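A.B. asks: Predicted structure and sequence below. I'll ask about it afterward.
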Amino acid sequence: MHLMKARPGVLFGSRKTLKLAIPLILAQMAIVAMGVVDTVTFSRLGIPVLAAGALATAIFNLVHIICTGVLIAISNQVAFESGANNRENIATAVESGVILSVLIGLGAILAISLSGPLLLMAGQDRQVVMNAMAYLPAAALGIIPSLLFTTLRGLTVGLKQPGPITIITTCAVLGKIVLNTGLLYMLQAGWIHATTPQLLFILGGIGSLEFTLMALALWLSCRRNLGWYLRRPRWLTVKSPVFRETLSQGIPIGISYGVEAGLFTGVALLIGHFGPTALAAHHIANQCVFLTFMMAVGLSHASSIRVGEAAGSGDLREAKRLGRQGMLIGMIPMTMTATLYFFYGDVLVGMLIGQDALSSRAVAVLAIQLLAIAACFQWFDGIQVIAAGALRGLKDARFTMIASIMGYWGVGMTTALFLSRSINSGPSGVWWGLVVGLGTTALILVLRFEKLTDMAPAAQMAVDY
């Protein structure tokens, strides 16, 4: 009779998870920080520009996140094939990602450019929509480069070599700060004179330029270090099993991302009915939440890669442990951000909105209230995105999509509508709907992960004894 091997604790090997997660967290935060830089710029140009920028970025982020979600499947596919030691399929997955980047990107550009009439039908202020539509077409040009960057990032992350991403995204943020600050300086100095639509068009174009430079820099890095996996795209690739597998996993992931982002976009549209001041306050609070949420997103990607690699090698028990590890680690930063929002929300709002805009005191006061509510859903938000990443590692993207629809829209948006209208709680009621929706989704996804991995101990019995 053999003695059973001691099972490692949940946190065993967490250094490896953090080593993979930290560059991804920094990269995700850097990408979102570019949006924060725009928010600061919008606020310095006045409440009308801030309201239009809030609406425009809500639409852009929705479409962008859906497209990015489809390409996130590349990292999962690379990790799984890496666990199976299949280099040829890794190269085919990257090739598939390049083709999908172009096809999906073209559709995204068209959708963004034609979103104006839909916004008017949704009851948004006509002038705000007109200003937003000056920003969106220029920003949409950066979609394809951004998706190519996501594909190449999938290769580096899937092979657990994410180093270049942090450097590239950090440089992109610094470049964004320089360009936006330069624009503000030229306006203040009287060197240029521009209308609100022209300013928003310029800011959208700066974003597209940044995404293009990021994609080019990562391609050069991959060509030097991972050149074997890069090859010229062939249209015959769309008939390959790897392409079909990538697409079958990517579409549910993209829908899941879109459902979550759509919840926040729907929230923005609901709040838009309360006027430009409420919309501006929502955008300020949402940018804070979006930035710190990237810590959980980075851990989600890392957990997905580690769980996928374990599943690809057939070790389901290890996949279970690593999924739990990611969720446990994720509680730490989300607790920190909850504390920050609840006790120091006024400081954060003051940093983003600027002293000039504080003349509209209602914007600052409401943004602080919304951040206090955001403190209540930090744990739910972190757990649900990490659990979703773990399920993607198990190639269970379809259930994640269904759970997202049920939790975010079936529960979250319904609650937001009820609270904002029935008890007349306004924008705060809408955000309480987020708390309920995110909590429901987190519970569903965690239970699903536990159920799928309950088979792990039995599968490993022969190894343990």
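C.D. replies: It's in. Numbering: from 1, shown residues only.
A.B. asks: Centre-most residue in this protein?
C.D. replies: Geometric centre of the chain, nearest residue: Ile65, 6.1 Å, by CA atoms, centre = their mean.
A.B. asks: Work out for me the element it sits within.
C.D. replies: helix 47-83 (DSSP states H and E).
A.B. asks: Just name whatever secondary elements that helix is in contact with.
C.D. replies: helix 14-44, helix 87-113, helix 126-140, helix 143-158, helix 196-225, helix 241-272, helix 276-312, helix 378-393 (3 or more CB pairs under 8 Å, 6 or more residues apart in numbering; DSSP states H and E). Backbone N, C-alpha and C define where each C-beta goes, glycine included.
A.B. asks: now the angle between helix 196-225 and it, please.
C.D. replies: 20 degrees (axes from the mean of the first three to the mean of the last three CA atoms, to 10 degrees).
A.B. asks: can you offset everything so residue one is 509?
C.D. replies: Understood, numbering begins at 509; the last thing we discussed is helix 555-591.
A.B. asks: sorry, back to before: who are the contact partners of the residue nearest to the centre of the chain?
C.D. replies: Shown in contact with Ile573 (CB atoms under 8 Å, 6 or more residues apart in numbering): 765-766, 768-769.
A.B. asks: Report the buried members of these.
C.D. replies: 765-766, 768-769 (16 or more other CB atoms under 10 Å).
A.B. asks: and the helix or strand where Gly947 lies, what other elements does it pack with?
C.D. replies: Assessed by DSSP H and E, Gly947 sits inside helix 935-960. With contacts taken as 3+ CB pairs under 8 Å, 6+ apart, helix 935-960 sits against helix 749-780, helix 784-820, helix 824-865, helix 869-884, helix 886-901, helix 905-912, helix 922-930.
A.B. asks: Ser811 and Thr525 touch, don't they?
C.D. replies: Yes: using CB atoms under 8 Å, Ser811 makes contact with Thr525 at a distance of 7.0 Å.
A.B. asks: Could you give me the buried positions within stretch 681-700?
C.D. replies: Neighbour-count burial for stretch 681-700 [16+ other CB under 10 Å]: 681, 683-684, 687-688, 691.
A.B. asks: how many other residues sit next to Pro625?
C.D. replies: The criterion is other CB atoms under 10 Å. On that basis, Pro625 has 10 neighbouring residues.
A.B. asks: Return the most buried member of the helices and strands packed on helix 935-960.
C.D. replies: helix 886-901 (a mean of 28; mean count of other CB atoms under 10 Å).
A.B. asks: Could you check the angle it makes with helix 935-960?
C.D. replies: Using the same axes, to 10 degrees: helix 886-901 against helix 935-960 is 40 degrees.
A.B. asks: For helix 886-901, give the mean pLDDT please.
C.D. replies: The pLDDT scores in helix 886-901 average 90.
A.B. asks: Alpha carbons of it, in CSV - could you do that?
C.D. replies: What follows is helix 886-901, C-alpha atoms only, in CSV (Å, rounded to 0.1, in the frame of the first residue of the first chain):
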residue,chain,number,x,y,z
GLN,A,886,-15.2,45.1,-5.8
TRP,A,887,-15.0,41.6,-4.4
PHE,A,888,-17.9,40.4,-6.7
ASP,A,889,-16.3,42.0,-9.7
GLY,A,890,-12.9,40.5,-9.1
ILE,A,891,-14.1,37.0,-8.3
GLN,A,892,-16.4,36.8,-11.3
VAL,A,893,-13.7,37.8,-13.8
ILE,A,894,-11.1,35.5,-12.4
ALA,A,895,-13.6,32.6,-12.2
ALA,A,896,-14.5,33.3,-15.9
GLY,A,897,-10.8,33.2,-16.8
ALA,A,898,-10.4,29.8,-15.0
LEU,A,899,-13.4,28.5,-16.9
ARG,A,900,-11.9,29.7,-20.2
GLY,A,901,-8.8,27.7,-19.3
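A.B. asks: which residues are contacting stretch 842-862?
C.D. replies: Residues contacting stretch 842-862 (CB under 8 Å, 6+ apart): 544, 547-548, 551-552, 792-793, 795-797, 800, 803-804, 866, 871-872, 875-876, 879-880, 882-884, 886-887, 889-891.
A.B. asks: Pull the contacting residues for Ala560.
C.D. replies: 550, 636, 639-640, 642-643, 704, 708.
A.B. asks: As a markdown table, those with distance to Ile617 and pLDDT would be great.
C.D. replies: Below are the contacts of Ala560 laid out as a markdown table (distance: CB to CB, whole Å; pLDDT from 0 to 100):
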| residue | distance to Ile617 | pLDDT |
| --- | --- | --- |
| Phe550 | 23 | 84 |
| Val636 | 22 | 87 |
| Asn639 | 20 | 89 |
| Ala640 | 16 | 90 |
| Ala642 | 16 | 92 |
| Tyr643 | 14 | 92 |
| Thr704 | 23 | 82 |
| Leu708 | 17 | 90 |
